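Enquirer: Coordinates for the following, if possible.
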Amino acid sequence: MRETFVVGNRVQVGGFFATLRFIGELSGQSGTWYGIEWDDKEKGKHRGDYNGVSYFSLANPETSASFVREKHLKRGIGVLDAISNRYMPIGKIDDSPDVINFFNMGGKEIQFYNRSKDGTQHVPRDQAWNLYQSDIDLSTYPVSHLESSPEELLDYFPRVTYINVSKTLIEDINIPIEILSGLPNVTSINISFNQFRVKTLYIPNNQPMSFPKIEKFHCDASNLTFKEFVTLTDLFPNLKVASFALNNESELVEPVNGSMSSVDTLALQQCRLSDWSEIQKLSKLPNLRMLNLLDNQLESVDLPVEAGDCGFSSLQMLILAGNRIKAWIDMTKLAYLPKLSNVVLYDNPICNLNVQRFRDEAIARLPRLQTFNKTEVSREERRSASILYVKMYFESWVKAGGPKTHEELMALKSFNVDSLDKSFVELHPTYYNLFRSIGDGIALSGSTGNEKIKSQLIKVTIMSRRHLKNGEKSQETKVADLKILSSMTVSKIKLLMSRQCKVPASHQMTLFYRPHQHPESEYALDSDLKTLSFYSVEDTDTIIVEL
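Expert: Next up, the predicted model:
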């Protein structure tokens, strides 16, 4: 029987997958031509045009197109045929007793031993490998339909718990659902990288379908909208892990009526999400613990703090790497999330700050962080970062209306944070609590009134090293042990170091300090006008001169 084609069909041409985008005549050419958009980005020579005339457009800006004749088009094969091709017996099957047969289990050779006549575990030929198999991976196979009733699948594959039909020729969203209805023990399904022509679920006899064993669902790089994705997740009432990554989707919808209520991990990386208001639509998911927003276009985390409830009540891990966050004001509201303890933020413009300073400030601003950029935050590191942060913004605190000393703050019967300048509180929501808890006993300086800079004599070790052309650093050499004032500015320290290292005062140098409590850490002394006490340089610390 001759196959018929319609626009939107998934087809195979010369062994490569494509989507049919056009059926018709071309100017100057006879007969009917079929315009296809290739899945393979290396295939194709144009964008759906011929002799300057555009006949169709492409869904993917990175792919190309071709015009072919009907004889080159092939539809896909059935699921059982694909399984037969993917998992084939090696050689002729012999199901007689005491014979070993070999099967190709997705590229892995497996032996099946046929037990003796008196044994109880004799494996019949038609059941040997499928009784063993727990995973069915048909990714990249030209699967397009289920050629049998779903019930037959259970007879063949009673142990299957994972099904992968990604990168296939399936164009009807109901086909994966049919497959699931015949495999009741499946807990994980992957339908990624498919282009669906039929996206509406067929509900037989208006009877709601449900697959309570499904815990993982991957639907990446498809042409489904997020709303259609949510509709699919309604079929999985106990879903834990949901992935909708690599989709060209800039708008989300709020899951309602219990949709996705059991999901604890949601992946939305590499979509086109640019506005936090779209992310906020997910804030009522009660069990969401991990949200992956890697490589989107977000410029800020604009949680509705003023409303009193930011949502995301269970969120513990947030991946924001590869976005467009530029300044602290764009992410300080994360401090209001009650359980957020793990944040990944690298590859954002804000990360162009001094690496260690950036990490310290992030730790101080997010009070519940236990892991930052995949590295654990220790108790000692948190205290050190908090001290540095309190010193760094002390003058801004005073200008905003805050008490000038810790003693003054503690002497107050009550202190209303709302009395502070609003812009300071927005930028530093954790400062008051940090100043109250650790402000006692640390050297603070301000430029208001007649307040004097507190100074003290400290003993430091001076080390020197050179920054090599290949980006590496030379071995450190001890220069001296010195007693200096912690109130000295970095510029004055540089003049002192030029004499100690016997280099001209104009010689370019960079200073770092290494706390004696954390000898593995380095902090840049990157502002000539700041004092050593501002950077929390203490007695027995080390100053490194990089020439």
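
Enquirer: Name the SS class of residue 158, please.
Expert: Classification of residue 158 using DSSP: H, G, I helix; E, B strand; the rest coil returns coil.

Enquirer: Let me know whether it touches residue 185 as I believe.
Expert: Yes. Using Cβ atoms under 8 Å, residue 158 is in contact with residue 185, at 7.3 Å. Yep, even glycine has a C-beta here, placed from its N, CA and C like the rest.

Enquirer: counting contacts, what elements does the lengthiest helix in the chain pack onto?
Expert: Scanning the chain for the longest helix, with DSSP state H as the assignment, gives helix 379-392. Contacts defined by 3 or more Cβ pairs under 8 Å, 6 or more residues apart in numbering; DSSP states H and E place helix 379-392 against helix 355-365, helix 431-438.

Enquirer: tell me the angle of the last one relative to helix 355-365?
Expert: Angle between the axes of helix 431-438 and helix 355-365 is 90 degrees (criterion: axes from the mean of the first three to the mean of the last three Cα atoms, to 10 degrees).

Enquirer: residues making contact with helix 431-438?
Expert: 364, 367, 383, 386-387, 389-390, 393, 397, 402, 406, 409-410, 415, 417, 420, 424 (Cβ atoms under 8 Å, 6 or more residues apart in numbering).

Enquirer: Then the longest one?
Expert: The contact list for helix 355-365 (Cβ under 8 Å, 6+ apart) reads 328, 331-332, 334-335, 343, 345, 350-351, 353, 369, 372-373, 377, 381-382, 384-386, 388-390, 392, 428-430, 434, 521-524, 526.

Enquirer: Count the neighbours of the residue lying closest to residue 329 once chain neighbours are set aside for me.
Expert: Distances taken as Cβ to Cβ, 6 or more residues apart in numbering place residue 427 nearest to residue 329, at 5.4 Å, with adjacent residues excluded. Residue 427 has 17 neighbouring residues, counting by other Cβ atoms under 10 Å.

Enquirer: tell me the contacts of residue 427?
Expert: Going by Cβ under 8 Å, 6+ apart, the list of residues near residue 427 reads 328-329, 332.

Enquirer: Which of those residues sits closest to residue 545?
Expert: Checking the contacts of residue 427 against residue 545 by Cβ to Cβ gives residue 328 as the nearest, at 29.8 Å.

Enquirer: where are the low-confidence patches of the stretch 201-350 of the chain?
Expert: 205 (pLDDT under 70).

Enquirer: Please enumerate the helices of it.
Expert: 226-233, 276-279 (DSSP state H, counting those that start in this stretch).

Enquirer: try the stretch 351-500 of the chain
Expert: So, for the stretch 351-500 of the chain - with DSSP H, counting those that start in this stretch - the helices run 355-365, 379-392, 394-399, 406-411, 422-427, 431-438, 490-500.

Enquirer: list the contacts for the closest residue to residue 316 other than its chain neighbours?
Expert: Excluding the flanking residues, the one nearest residue 316 by Cβ to Cβ, 6+ apart is residue 289, at 4.8 Å. Residues in contact with residue 289 (Cβ under 8 Å, 6+ apart) are 264-265, 314-317.

Enquirer: Can you tell me the SS state at residue 19?
Expert: strand.

Enquirer: Who is it paired with across the strands?
Expert: For residue 19, the beta-bridge partners under DSSP bridges are residue 10, residue 37.

Enquirer: quick revisit: so which of the helices of the stretch 201-350 of the chain comes closest to residue 191?
Expert: Using Cβ to Cβ, the helices of the stretch 201-350 of the chain put helix 226-233 closest to residue 191, at 8.6 Å.

Enquirer: Can you give me the buried ones in that closest one?
Expert: Burial within helix 226-233, assessed by neighbour count using 16 or more other Cβ atoms under 10 Å, is assigned to 226, 228-233.

Enquirer: Assess the claim that residue 145 and residue 81 are in contact.
Expert: No. Contact between residue 145 and residue 81 fails when scored by Cβ under 8 Å: they sit 9.8 Å apart.

Enquirer: Provide a PyMOL selection command restricted to the buried entries of the contacts of helix 355-365.
Expert: In PyMOL, this line selects whichever of these come out buried by 16+ other Cβ under 10 Å:
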select buried, resi 331+332+334+335+343+345+350+351+353+369+372+373+377+381+382+384+385+386+388+389+390+392+428+429+430+434+521+522+523+524
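
Enquirer: Any stretches of the chain with poor pLDDT?
Expert: For the chain, applying pLDDT under 70 flags the ranges 1-2, 88-133, 205, 353-356, 440-456, 470-471.

Enquirer: Count the residues that sit near residue 411.
Expert: 9.

Enquirer: how about it, what does it touch?
Expert: Per Cβ under 8 Å, 6+ apart, neighbours of residue 411: none.

Enquirer: Please list all residues in contact with the residue lying closest to residue 20 once chain neighbours are set aside.
Expert: Sequence neighbours aside, residue 9 is the residue nearest to residue 20 in space, at 4.4 Å (criterion: Cβ to Cβ, 6+ apart). Residue 9 makes contact with 19-20, 75, 171, 197, according to Cβ under 8 Å, 6+ apart.

Enquirer: Same list (those residues) but as CSV, adding neighbour count.
Expert: CSV is the format used below for those (neighbours: other Cβ atoms under 10 Å):
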residue, neighbour count
19, 24
20, 22
75, 16
171, 23
197, 16
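
Enquirer: which one among those gets closest to residue 513?
Expert: residue 19 (59.9 Å).

Enquirer: Next, find the distance separating the closest one from residue 6.
Expert: 11 Å (Cβ to Cβ, to the nearest Å).

Enquirer: Helix, strand, or coil at residue 83?
Expert: Residue 83 ends up helix, using three-state DSSP.

Enquirer: What values do phi and psi take at the residue nearest to it when sequence neighbours are not counted?
Expert: Of all residues not flanking residue 83 in the chain, residue 136 sits nearest, at 6.4 Å (Cβ to Cβ, 6+ apart). Backbone torsions for residue 136, taken as degrees, to the nearest 10, come to phi -120, psi 110.

Enquirer: Keep only those of the contacts of residue 289 that are in strands.
Expert: Members of the contacts of residue 289 lying in strands (criterion: DSSP state E): 265, 317.

Enquirer: And the helices and strands packed on helix 379-392: which comes nearest residue 51?
Expert: Between the helices and strands packed on helix 379-392, helix 355-365 lies closest to residue 51; by Cβ to Cβ that is 55.4 Å.
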